[in-house]
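Peer 1: the sequence and its predicted three-dimensional model are supplied below.
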Amino acid sequence: MNWQELLAAFRREPSVGNAAALDAAGFLAAPGEEEGAYLARLNAEEHRIVRFREQLKREKVLEPYQGLIVDSGSEIPPEILAESAPTTRDAYGFEIDWVPGFFPVKGLGLLWGGCSIGSYEDLPALFIIRRAFEKKRRFFIYSREELTSHELCHVARSPLEDIAYEEHFAYAVSHSALRRYSGNCFKSEKDALFFLLPVFLLLAVQILRTFYRPDIPAWPFWILAFVWPAWLLVANARSRKRYFRAEQAIRSYTDRPGAVLFRCVAAEIDAFAAAADDPEAVRKLLTEKRNSDLRWKIIYHRFMNRENNENG
């Protein structure tokens, strides 16, 4: 069934099984959300998608956000979208074919690869990858499948509204060990800004020293340029350690710890990590979560081992 048929089935019977089918299509339940709220949100998203596609078909060219121009001929075709399905399915148990994706008419930067945008007011969730991928599978350090998988991870997790491990999950599907390790360093625009500003300041000081003021000491600016990157690396190492401890904590209860944690917020991941050395504490946490909301009912239905479902 396609995603609209899955949604129609959930309307007829709002069961955990039908919700799990929607979860597998990339419609994750939000924290605290129950069946009625989940259905209302998905109905609204369906309405936004249908209306957006109708407007695009009618007007041919749209600018959904300032500077982002798409046309009816630039939508990513299903066969390219499908390239990411094995990656996201194997890593996190979902595959998305419903989100509108585009090769934007206007480029957004020399090294820019792509981005995703969550639902906003009357606009559905969207994602874009640079136009070079329309004809090629690779550009610079990026592959089309990896980049598409990365952005679809962001689309799927957007209902969680939780950024602490967002880039960790998106970069974990990368083919590059360096990107898998360092991707979660930059969790927000602030991280990137504080990384770049000292570098440009150091460059400006070096130019000033070369041509005008050789007496200006450079060493304070070298220190400044290294402080924030060092902090990002330390914070990333700690974050990765917590994540993998959380995986260790729940591994006795599921064959798919990555898929389970993909549907968790940071507080839950950190709680599992803190309890990793105490199996009884982990069991208690999972028991408390089991029926706490629709999200955890789906997690148990799809990913928790049958014997632990029966005995937990």
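Peer 2: Yes, it's here. Numbers count the residues shown, from 1 in each chain.

Peer 1: near His301, how many other residues are there?
Peer 2: 15 (other Cβ atoms under 10 Å). Where you see a C-beta, it was placed from the backbone N, CA and C, and this is true even at glycine.

Peer 1: so it sits right up against Ala21, yeah?
Peer 2: No: His301 sits out of contact with Ala21 when judged by Cβ atoms under 8 Å, with a separation of 10.0 Å.

Peer 1: who touches both of those two?
Peer 2: Shared contacts of His301 and Ala21, defined by Cβ atoms under 8 Å, 6 or more residues apart in numbering, are absent.

Peer 1: most centrally placed residue in this structure?
Peer 2: His154 (2.3 Å; Cα atoms, centre = their mean).

Peer 1: list the contacts of that residue.
Peer 2: Ser116, Phe127, Glu166, Ala170 are the contacts of His154 under Cβ under 8 Å, 6+ apart.

Peer 1: top of these by neighbour count?
Peer 2: Phe127 (23 neighbours).

Peer 1: which SSE is that residue in?
Peer 2: strand 126-129 (DSSP states H and E).

Peer 1: where does the stretch 101-250 of the chain have low pLDDT?
Peer 2: 106-113, 185-196, 198-200, 202, 205, 219, 221-222, 224-225 (pLDDT under 70).

Peer 1: helices or strands up against the lengthiest helix in the chain?
Peer 2: If you go by DSSP state H, the chain has its longest helix at helix 219-250. Counting contacts by 3 or more Cβ pairs under 8 Å, 6 or more residues apart in numbering; DSSP states H and E, helix 219-250 packs against helix 166-171, helix 177-182, helix 189-211, helix 257-262, helix 266-274, helix 279-289.

Peer 1: please convert those to a markdown table, extending it with distance to Ser149.
Peer 2: Compiled in a markdown table, these are given as follows (distance: least, Cβ to Cβ, whole Å):
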| stretch | distance to Ser149 |
| --- | --- |
| helix 166-171 | 8 |
| helix 177-182 | 12 |
| helix 189-211 | 22 |
| helix 257-262 | 13 |
| helix 266-274 | 21 |
| helix 279-289 | 27 |
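
Peer 1: so Gln206 makes contact with Ala218?
Peer 2: Yes: between Gln206 and Ala218 a contact is recorded at 6.6 Å, counting by Cβ under 8 Å.

Peer 1: give the next helix or strand downstream of the strand holding Phe127.
Peer 2: strand 138-139.

Peer 1: ok, that following strand: who's next to it in the sheet?
Peer 2: Strand 138-139 has its sheet partners listed here by DSSP bridges as strand 142-143 (antiparallel).

Peer 1: now the strand it pairs with: how far from the chain's centre is it?
Peer 2: Computed by Cα atoms, centre = their mean, to the nearest Å, the chain-centroid distance of strand 142-143 equals 17 Å.

Peer 1: repeat that for stretch 207-222.
Peer 2: The answer for stretch 207-222 is 42 Å, by Cα atoms, centre = their mean.

Peer 1: map the structural domains onto the sequence of the protein.
Peer 2: Using automatic domain parsing, the domain ranges for the chain come out as 1-161, 162-312.

Peer 1: so Ser119 touches Val155, yeah?
Peer 2: No: counting by Cβ under 8 Å, Ser119 does not reach Val155; the two are 9.6 Å apart.

Peer 1: so what sits against both of those two?
Peer 2: Contacts common to Ser119 and Val155, judged by Cβ under 8 Å, 6+ apart, are Ala125.

Peer 1: same drill for the two, tell me which one is more crowded.
Peer 2: Using other Cβ under 10 Å, the more surrounded residue of Ser119 and Val155 is Val155, with 23 against 18.

Peer 1: shouldn't the more buried one be within a helix?
Peer 2: Yes: counting by DSSP: H, G, I helix; E, B strand; the rest coil, Val155 is part of a helix.

Peer 1: surely it and Gly26 touch.
Peer 2: Yes: Val155 is in contact with Gly26 according to Cβ under 8 Å; the separation is 6.7 Å.

Peer 1: overlap of the contact sets of the two?
Peer 2: In contact with both Val155 and Gly26: Ile96, Val99, using Cβ under 8 Å, 6+ apart.

Peer 1: show the contacting residues for Asn305.
Peer 2: Tyr253, Thr254, Asp255.

Peer 1: of the residues you listed, closest to Ala271?
Peer 2: Closest approach between these and Ala271, by Cβ to Cβ: Tyr253, at 14.3 Å.

Peer 1: and the closest one, backbone torsions?
Peer 2: phi -110, psi -10 (degrees, to the nearest 10).
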